[in-house]
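Q: please work out how this folds:
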Amino acid sequence: MKCLRIRPPANPVHSRIQLPFSKSISARVLLIRAAGELSTPIFHLSDSADTVELQQALHQVSEGLETIDAGNGGTSTRFLLSWLARRPGSYILDGGPQMRQRSIDPLVTALQQAGASIIYLQQAGRLPVAVEGRPLTGGRLAVEASESSQYVSSLLLQAPYFTRGLELEISDQSVSLPYIEMTCRLMREFGVSVTRDSNLLQVEPGRYRGRPFTVEADWSAAAFPASLVALQAGAVIELPGLSASFTQGDSMLVELFRILGVQHRPSTNGLAFYNVAKEANTFYANLSSYPDLFPALACTCAGLGIRARFSGIEHLRGKESDRIAALGAELGKMGVLMNKVAGDYTLEGKVAGGTCRINPHGDHRLAMALALLCIVTGELIMEDPDCVNKSFPGYWKQLALAGFVVEP
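A: Numbering: from 1, shown residues only. Predicted structure coming up:
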């Protein structure tokens, strides 16, 4: 098995880290371009594995292939499904082993209500599915989004081309609402009318208008440099390309990491994070709107020995791994206990020193967050390091440039 041995820098990090460009924005703009049959140029498109797989799937459709492979990306699969459902032709949408285990049933149910023809070929609620593309009526629909906001965004992205537009009702338990807001904002930028009144989203029938578009750096990925800064006194990291406008939901991390001793300031073409050595004794966060921040925040608290409590994360059991159980198991190897108390998850203890072998469970965010705990342990051995390619292909290189020792 491929592994990396990771050791921290001898001195506090003073470095510049190049973040990947947002794969969430990239996926939405790619589907807007496909839905509107636009030739609009996209600059700074993400090079993540998820984005590459989505591009390949779109190319397969344009080449006239019947079986479309969405890979292991949940966003790609769910976004493609709504597009194929209204695109003339017969398709089989399939994905990799991880994606075959993840639910698509709430989206399929909503699309069928809109007039789609979708049939499960093996297991109900799971890929692969057969799709007969046809015009969709849309109108008043409801979708269960307590598991994933991607169901909502998938419907919204295609809604301008529904004959009756879309009135979409979402529940109070819908997760990751900032990602839904991101979808609405991008749709507006491409000329479509989208409004939200409490839990009702409305899209008027229309067409996307082409325009050049530049993708921002990824705020979700910025959680890991923030964690590094929190864990290492005196650290300063510049992040070029990170927008100070905070248009991505995960920009909330600046408020959450401030509690853990991280401040930010404008820097050359971006922002800089710096350590102010102001640690809290306890930490609490409801992450229902920012679930991707959980691994970095949890590992930071564990590394600093801060008692932590997290709510709004139950749906993380259905990500690339059972993200809660997997992180609990790996932190447990280092002496930190994760427990479920009255629906929330608590962390007790501080990461112990000494070499530890980490299994990221195939989960990119776990690998990136856990790797930084070498600052506390002195050394980590990371199994399956290539799993970070899903969202941040250059992660290990960026750590090495920052002074970490990263070697086979």
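Q: and stretch 68-86, C-alpha only, in CSV?
A: The C-alpha coordinates for stretch 68-86 follow below in CSV (Å, rounded to 0.1, in the frame of the first residue of the first chain):
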residue,chain,number,x,y,z
ILE,A,68,-22.3,7.7,-18.8
ASP,A,69,-19.7,7.2,-16.0
ALA,A,70,-20.1,9.9,-13.3
GLY,A,71,-17.1,8.5,-11.3
ASN,A,72,-17.3,8.8,-7.5
GLY,A,73,-18.5,12.4,-7.2
GLY,A,74,-21.8,13.0,-5.5
THR,A,75,-22.1,16.5,-7.0
SER,A,76,-21.3,15.2,-10.5
THR,A,77,-23.8,12.3,-10.4
ARG,A,78,-26.7,14.3,-9.0
PHE,A,79,-26.2,17.3,-11.3
LEU,A,80,-25.8,15.1,-14.4
LEU,A,81,-29.0,13.2,-13.5
SER,A,82,-31.3,16.2,-13.8
TRP,A,83,-29.6,17.3,-17.0
LEU,A,84,-29.9,13.9,-18.7
ALA,A,85,-33.6,13.6,-17.6
ARG,A,86,-34.5,16.6,-19.8
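Q: buried residues in it?
A: Of all the residues in stretch 68-86, those buried under the rule 16 or more other CB atoms under 10 Å are 68-86. To be clear about C-beta, it is placed using only N, CA and C from the backbone, and glycine gets the same treatment.
Q: next, find the distance separating the residue most central in space within the chain from Y395.
A: For the chain, the residue nearest the mean C-alpha position is D292 (5.8 Å; CA atoms, centre = their mean). As defined by CB to CB, to the nearest Å, D292 lies at a distance of 15 Å from Y395.
Q: and the nearest residue to E379 once chain neighbours are set aside, what are its phi and psi?
A: With sequence-adjacent residues excluded and distances taken as CB to CB, 6 or more residues apart in numbering, E379 is closest to T355, at 4.5 Å. Note on T355: backbone dihedrals following degrees, to the nearest 10 are phi -60, psi 130.
Q: got the contact list for T355?
A: Residues near T355 by CB atoms under 8 Å, 6 or more residues apart in numbering: T377, G378, E379, L380, I381.
Q: do that again at 7 Å, thanks
A: T377, E379, I381 (CB atoms under 7 Å, 6 or more residues apart in numbering).
Q: list only buried entries from these.
A: Judged by 16+ other CB under 10 Å, buried ones among those: T377.
Q: among the contacts of T355, which are in strands?
A: Taking DSSP state E as the definition of strands, the contacts of T355 contribute I381.
Q: what is the nearest of the contacts of T355 to I237?
A: For those, the minimum distance to I237 (CB to CB) is 20.4 Å, reached by T377.
Q: pretty sure the closest one contacts G354?
A: Yes. T377 lies in contact with G354 (CB atoms under 7 Å); the separation is 6.0 Å.
Q: residue contacts, the closest residue to F257 other than its chain neighbours?
A: Take F257 and drop its neighbours on the chain: the residue closest to it by CB to CB, 6+ apart is A226, 4.4 Å away. Going by CB under 7 Å, 6+ apart, A226 touches L253, F257, V262, F273, A296.
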